[in-house]
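Asks: only the shape, not the letters, is given here:
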Ligand code: PRP
Ligand code: MN
Ligand code: MG
């Protein structure tokens, strides 16, 4: 079997570029949720108002792990799992939450962490869900954003902000959490899969 790297046509974002950008995003989040930042004013010193950072499994697992280690505030970490593909290969456009949060987010500031925003269906579904649970603000932090593919415009909640690592052209990207048929998530960079690997 060929090395995994041989399946990649080109690298879009290197390990070093990702690491640098993750540091910048974590700094922005730290600043915005810092109790000393009156502009943000989102966090009081009590642990009950510490933000809940929610990774969307599976894709966000590496980004979440790297991001939270660079956020210099007390935070909680949780996961949700959303499925939009069922048994088919085309998105149904109606994602279902197959594994819900463990933490009660009522009255909490939530930061949803995604590897990529594509059509927006996953986030739209999750934001609606978290809003109905009474989150006091909902922010989104995504490593990659493909605005050219958007079908649904999601609205942030309360003072929530949109944090984006990189805008991504419409390539089929894998690595750093992103998969093709559950493979390639463990690549340390984001790359474009050779067409012969999926055709
Ligand atoms: C991918 C990706 C996002 C979502 C984005 O997840 O990780 O969660 O699709 O697409 P959308 O904006 O069109 O909803 P996927 O459903 O492939 O599950 P995975 O994270 O387990 O790979
Ligand atoms: Mn996902
Ligand atoms: Mg996937």
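Replies: Right, received. Where do you want to start? What you see is a predicted model, and the numbers here were worked out from it, not measured in a lab. Ligands and ions are numbered 1, 2, ... in the order given.
Asks: within range of ligand 1, give me the residues from this structure.
Replies: Within reach of ligand 1 by CB under 6 Å from any ligand atom, the chain has these residues: 56, 58-59, 84, 91, 114-122, 179. For every residue, glycine as well, the C-beta is placed using N, CA and C.
Asks: among those residues, find the lowest-pLDDT one for me.
Replies: In terms of pLDDT, the weakest of the residues of the chain next to ligand 1 is residue 91, which scores 67.
Asks: got any ranges where this protein has weak pLDDT?
Replies: Per-residue confidence of the chain (counting by pLDDT under 70) places the weak regions at 1, 37-48, 85-91.
Asks: need the contact list for the closest residue to ligand 1 within it.
Replies: When scored by CB to the nearest ligand atom, the chain has residue 59 as its residue closest to ligand 1, at 2.8 Å. By CB atoms under 8 Å, 6 or more residues apart in numbering, the residues touching residue 59 are 114-116, 177-179, 185.
Asks: among those residues, which are in strands?
Replies: Cross-referencing the contacts of residue 59 against strands under DSSP state E gives 114-116.
Asks: and the contacts of stretch 113-123?
Replies: The set of residues that contact stretch 113-123 without belonging to it, under CB under 8 Å, 6+ apart, is 53-56, 59-60, 62-64, 67, 82, 84, 91, 93-95, 112, 140-146, 149-154, 168, 173, 176-178.
Asks: near ligand 2 too, which of those residues?
Replies: Among the contacts of stretch 113-123, the residues that sit close to ligand 2 (CB under 5 Å from the ion) are 56, 59.
Asks: what about the contacts of stretch 113-123, which are in helices?
Replies: 62-64, 67 (DSSP state H).
Asks: which residues does stretch 102-112 contact?
Replies: The contact list for stretch 102-112 (CB under 8 Å, 6+ apart) reads 29, 33, 42-43, 48-49, 51-54, 56, 76, 78, 123, 126-127, 130, 133-141, 158, 160, 163.
Asks: how far is stretch 146-165 from where the chain is centred?
Replies: Chain-centre distance of stretch 146-165: 11 Å, with CA atoms, centre = their mean, to the nearest Å.
Asks: give the contact list for the nearest residue to residue 191 once chain neighbours are set aside.
Replies: Nearest-residue entry for residue 191: residue 8, 4.1 Å, with adjacent residues in sequence omitted and distances by CB to CB, 6 or more residues apart in numbering. Shown here is residue 8, whose contacts under the criterion CB under 8 Å, 6+ apart are 174-175, 187, 191-194.
Asks: now, of those, which are buried?
Replies: By the neighbour-count criterion of 16 or more other CB atoms under 10 Å, those include these buried positions: 174-175, 187, 191-193.
Asks: just give me the residue closest to the centre of this protein.
Replies: Nearest to the mean C-alpha position of the chain, counting by CA atoms, centre = their mean, stands residue 114 at 1.1 Å.
Asks: pairing partners for the residue nearest to that one when sequence neighbours are not counted in the sheet, please.
Replies: Leaving aside its sequence neighbours, residue 114 sits nearest to residue 142 (CB to CB, 6+ apart; 4.2 Å). Applying DSSP bridges to residue 142 gives these bridge partners: residue 114, residue 164.
Asks: fine by me, thanks again.
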